[in-house]
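Asker: Here is the input, now give the coordinates:
(chains A and B)
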Amino acid sequence: MDIIQLIHSNLLTPVILFFLFGIIAARIKSDLKIPDAISEFLPIYLLAAIGLHGGIEMRNTGFENMFIPMLVAIVLSLLFTLNHYQILRRLGKFNIFDSYALASTYGAVGAVTFSVGLSFLKNQGVTSEGYLAAVLAILEPVAFILAIFLTNMAVSKQIRAKKQSFTKDTVSDLGMEIEETKTKLSQVLHESITGKAIVILLGSIVIGYVIGESGFGSIKIVFDEMFTGAIVIFMIEMGIIAGQRLDDIKKVGVFLTAFAVIMPTFNGIIGVLVATAIGLSLGGAVMFGLLLASASFIAAPAVLRHTIPQANPSLYITSALGITFPYNIIVLLPIMFTISTFAHNTEGSIDLFHYVMKDLM
Amino acid sequence: MKLYTVKLLTITCEILAQKNIIEILKKHEITGYTTYEVDGNGARGVRGQGFKNEKNVKVEVIMRDEKLQGVVEEISRTLFANFAVVLYVSDVSVVRIEKF
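Answerer: So this is what the prediction gives:
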């Protein structure tokens, strides 16, 4: 009953209530709307606050201990993306483009979800490792790069197969196509690394590291005390957009709806257990799980529309924002918190991890 | 004052296709264009609500007749299938033909 209670009390926090309020506002067709400039500004603000905190913590704790969690996160993110693809393609019968787009959307991380997770932990009076902000920055492009790479491979293979069935002597033409694919990939790499989310996040981590606790004092009121309040405002906007998309969920279909709930649960729980096994704290394991559970809905469309334009954007935006995001912040966070608490209280937390892994094999 | 007739190409498309269009223009050596954000309704439903990435944009380009075919052909071939795009061409008159 512990989990139910925790979900219940989580439901009554301002962050969640304002999200639900936004959905209702959209459903009754209210003209309520957060001005464009503010809803564009808030993600930047949230990332700056996350980065500053991360940087300050890293100054206190040093960053030698962040490499293993980071590496593990990257490996898990890649494995999960491949796993999503297989499930979507084979069980869901989605076409190759939709499968890769969805696989990477769910392999990528959601910065908004991450912020909500931080405020959830704050409510519970638990802290998390600061270097997770750096993990967030590193994970952001990883799943996309993999999916784009694999899509390009698949497409050039198709082109090659088609060409072979027509004529035998178009090798130079083919070389050009492959060359084009390569430049596209490096362009994507450049664009996703210089994208605003990563730049502001990394910039703030560095600045946080440089200024430390003492320098933070003068800006604390903006970047610490206003953090949850800012999330609340942003959640109104998220609620409105999610509410406007509720009708689209019917179009998403039963399979993807189930996928949008089951996959994050699976990824998140694995994340929590792995993080516990490699020695992250109670709160850190929850955030680590949340990183792997979350789906990207702000960065994903911008990247995927350019790189996999054949994929249907309403599929990945609707499932990530309309289903996974509310599920993650309302239900999955308390579940992961309970699991993490359990795993940290049991002496044999490593055994539990092995047990689960054995079960999966 | 003498007026010269040139073509005005107007493209209304989703904001994420804007970059592709501008690249095509560049490829055809057209450097002048005007864009503005718009919203509206069409085959892909009401657009312009929600995320900035889902807004629409209108691109206006004035060009000489000779370039028009190539540009329109390339936009149709590369973007019509996957993006929300509407384009149309009209005749306009300009004073300084050497600018286009």
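Asker: Look up how far residue A:204 lies from the most centrally placed residue in chain B.
Answerer: Compute the mean C-alpha point of chain B, and by Cα atoms, centre = their mean the closest residue is residue B:11, 3.2 Å away. Going from residue B:11 to residue A:204 by Cβ to Cβ, to the nearest Å gives 38 Å. All C-beta atoms are positioned from the backbone trio N, CA, C, and that covers glycine.
Asker: Next: residue A:109.
Answerer: 16 Å.
Asker: Comparing the two, which residue is more hemmed in?
Answerer: residue A:109 (26 against 23; other Cβ atoms under 10 Å in any protein chain shown).
Asker: which SS class is that one?
Answerer: coil (DSSP: H, G, I helix; E, B strand; the rest coil).
Asker: Kindly report the same for residue B:37.
Answerer: Residue B:37 - assigned by three-state DSSP - is strand.
Asker: Tell me who's in contact with it.
Answerer: B:15, B:48, B:55-58 (Cβ atoms under 8 Å, 6 or more residues apart in numbering or on different chains).
Asker: likewise residue A:97?
Answerer: Contacts of residue A:97 (Cβ under 8 Å, 6+ apart): A:151, A:308, A:310-311.
Asker: Now the buried members of these.
Answerer: The neighbour count (16 or more other Cβ atoms under 10 Å in any protein chain shown) marks A:151, A:308, A:311 as buried among these.
Asker: ok, the nearest residue in space to the first one that is not next to it in sequence - how many residues close by?
Answerer: Sequence neighbours aside, residue A:100 is the residue nearest to residue A:151 in space, at 4.7 Å (criterion: Cβ to Cβ, 6 or more residues apart in numbering or on different chains). Around residue A:100 there are 30 other residues, counting by other Cβ under 10 Å.
Asker: Restrict whatever helix or strand residue A:100 lives in to CA atoms and write it as CSV.
Answerer: Per DSSP states H and E, residue A:100 falls inside helix A:96-107. The C-alpha trace of helix A:96-107 is given here as CSV (Å, rounded to 0.1, in the frame of the first residue of the first chain):
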residue,chain,number,x,y,z
ILE,A,96,11.2,1.1,-40.3
PHE,A,97,11.1,4.9,-40.0
ASP,A,98,8.4,5.1,-37.4
SER,A,99,10.1,2.3,-35.5
TYR,A,100,13.5,4.1,-35.4
ALA,A,101,11.9,7.4,-34.6
LEU,A,102,9.9,6.0,-31.7
ALA,A,103,12.8,3.8,-30.5
SER,A,104,15.1,6.9,-30.2
THR,A,105,12.3,9.1,-28.7
TYR,A,106,12.1,6.5,-25.9
GLY,A,107,15.8,6.0,-25.7
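Asker: and the next element down the chain from that helix?
Answerer: That would be, after helix A:96-107 and using DSSP H and E, helix A:111-124.
Asker: Would you tell me what the next helix or strand after that next one is?
Answerer: helix A:132-166.
Asker: where in chain A is pLDDT low?
Answerer: For chain A, the stretches with pLDDT under 70 are A:1, A:166-184, A:347-361.
Asker: Would you mind listing what in chain B touches chain A?
Answerer: For chain B, the residues in contact with chain A (Cβ under 8 Å from any Cβ of the partner chain) are B:14, B:16-17, B:19-20, B:49-54, B:81-83.
Asker: of all of the stretch 151-300 of chain A, which residue lies closest to chain B?
Answerer: As assessed by Cβ to the nearest Cβ, chain B sits closest to residue A:241 within the stretch 151-300 of chain A, at 4.3 Å.
Asker: what's the burial count for that residue?
Answerer: 24.
Asker: What distance do you get for it to residue A:286?
Answerer: From residue A:241 to residue A:286 the distance is 26 Å (Cβ to Cβ).
Asker: and what of residue A:324?
Answerer: Separation of residue A:324 from residue A:286 (Cβ to Cβ) stands at 17 Å.
Asker: so who does residue A:301 touch?
Answerer: A:313, A:316-317, B:16, B:51, B:53-54 are the contacts of residue A:301 under Cβ under 8 Å, 6+ apart.
Asker: next one: residue A:68
Answerer: By Cβ under 8 Å, 6+ apart, the neighbours of residue A:68 are residue A:278.
Asker: does it belong to a helix or a strand, and which?
Answerer: helix A:67-86.
Asker: Please report phi then psi for residue B:7.
Answerer: Phi and psi for residue B:7, reported as degrees, to the nearest 10, are phi -100, psi 140.
Asker: That one: neighbour count?
Answerer: 19.
Asker: what bridges to it?
Answerer: residue B:63, residue B:91 (DSSP bridges).
Asker: tell me the pLDDT at it?
Answerer: Residue B:7 carries a pLDDT value of 94.
Asker: Spit out the contact partners of it.
Answerer: Residue B:7 makes contact with B:62-65, B:68, B:89-92 under the criterion Cβ under 8 Å, 6+ apart.
Asker: what about 7 Å?
Answerer: B:63, B:65, B:68, B:89, B:91 (Cβ atoms under 7 Å, 6 or more residues apart in numbering or on different chains).
Asker: if I look at the second one, how far off is chain A?
Answerer: It stands for residue B:65. Using Cβ to the nearest Cβ, to the nearest Å, we find residue B:65 at a distance of 30 Å from chain A.
Asker: how far away is that residue from residue B:97?
Answerer: Residue B:65 sits at a distance of 12 Å from residue B:97 (criterion: Cβ to Cβ).
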